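Peer 1: Predicted coordinates and the sequence they were generated for:
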Amino acid sequence: MKQVTEKIARMLEKVGFGCQVSGSGLSSSQYVIAIHDEIDTIKIRISDHELPPTYANNNPSNYEVGENNNYSCCQLKEWFIVVKIICDKHNMNYPSTLKSMITRAKNEAERVTMLNESYRIASEKKEIACIDSAMNYFNEHKDNILKLRKDINETSGKQLKKLKAKFQKLVPLNHRIGIKLIADRVLGI
């Protein structure tokens with residue numbers, strides 16, 4: 001966290017702030033006090049834990065950066081976002097290093113979105129192939145399957161177990177999954 005604290009301070013100094021870095025005497029929390037002639041002093045808390053309620057109101061921070069803070073403006077690995085927020089709020093130009101970090105983060109977010117979309121499409125294609133395969137199998141063995149289903153619906157007890165076992169032998173597992181998908185998604189039953 002000390003490295004993150006120093007990075008935040010250096011980045012804020014590039015846009016005209018004077019910064020003081022300090023650590024908590026009670027925990028691993030770090031603080032950046034950013035001072036600027038035209039802006040009220042800004043206090044940033046960098047931590048891996050929430051501030052205990054007894055301390056929260058005594059000397060609150062303007063911004064929180066950290067992994068476990070429900071009220072953080074960003075995670076530790078995205079520390080540069082707090083600098084972006086401060087620059088945006090006070091109409092300051094971004095330093096070039098901040099611009100490149102924002103661009104990299106945006107590109108990574110787009111890459112993750114594209115990957116997730118690719119996985120979704122691949123999953124849907126696999127599901128469609130499973131349904132197609134099950135439909136083909138069902139059409140080829142339709143009479144036997146329907147007769148067996150009718151027998152299952154009209155039977156109970158030990159005879160039912162035998163018929164279900166016979167159905168499972170007749171319809172391979174991948175096709176049973178496909179038939180269930182057809183029932184769930186296509187037919188809505």
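Peer 2: Alright, I've got the coordinates.

Peer 1: alpha carbons only for contacts and neighbour counts from here, please
Peer 2: Will do.

Peer 1: Run through who's touching stretch 76-86.
Peer 2: 1, 4, 8, 11-12, 46, 63, 65-67, 73-74, 94, 98, 101-102 (CA atoms under 8 Å, 6 or more residues apart in numbering).

Peer 1: For those, which PyMOL command selects only the ones that are buried?
Peer 2: Entered in PyMOL, the line below selects the buried ones among those, by 16 or more other CA atoms under 10 Å:
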select buried, resi 1+4+8+11+12+46+63+65+66+67+73+74+94+98+102
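
Peer 1: So the residue of the chain most remote from its centre: helix, strand or coil?
Peer 2: In the chain, the residue that sits farthest from the middle, by CA atoms, centre = their mean, is Gln159; the gap is 48.6 Å. Of the three states, Gln159 takes helix according to DSSP: H, G, I helix; E, B strand; the rest coil.

Peer 1: Would you check how far apart it and Asp151 are?
Peer 2: Distance check for Gln159 against Asp151: by CA to CA, to the nearest Å, it reads 10 Å.

Peer 1: Is Glu64 in a helix, a strand, or coil?
Peer 2: Glu64 is classified as strand under three-state DSSP.

Peer 1: and the gap between it and Ile33?
Peer 2: Distance from Glu64 to Ile33, by CA to CA: 12 Å.

Peer 1: Mutual contacts of these two, please.
Peer 2: Ile44.

Peer 1: More neighbours: which of the two?
Peer 2: Between Glu64 and Ile33, counting by other CA atoms under 10 Å, Glu64 is the more crowded of the two (25 against 18).

Peer 1: pLDDT weak spots in this protein?
Peer 2: Filtered on pLDDT under 70, the chain yields the residue ranges 52-59, 68-72, 145, 148-149, 152, 156, 160, 163-164, 166-189.

Peer 1: rerun that using 80 as the cut-off
Peer 2: 1, 50-60, 67-77, 127-189 (pLDDT under 80).

Peer 1: Which neighbouring elements make contact with the longest helix seen in the chain?
Peer 2: The longest helix of the chain (DSSP state H) is helix 96-140. Using 3 or more CA pairs under 8 Å, 6 or more residues apart in numbering; DSSP states H and E as the contact test, the elements touching helix 96-140 are helix 80-89, helix 173-181.

Peer 1: Could you check the angle it makes with helix 80-89?
Peer 2: 120 degrees (axes from the mean of the first three to the mean of the last three CA atoms, to 10 degrees).

Peer 1: tell me how far helix 96-140 is from the chain's mean position?
Peer 2: 14 Å (CA atoms, centre = their mean, to the nearest Å).
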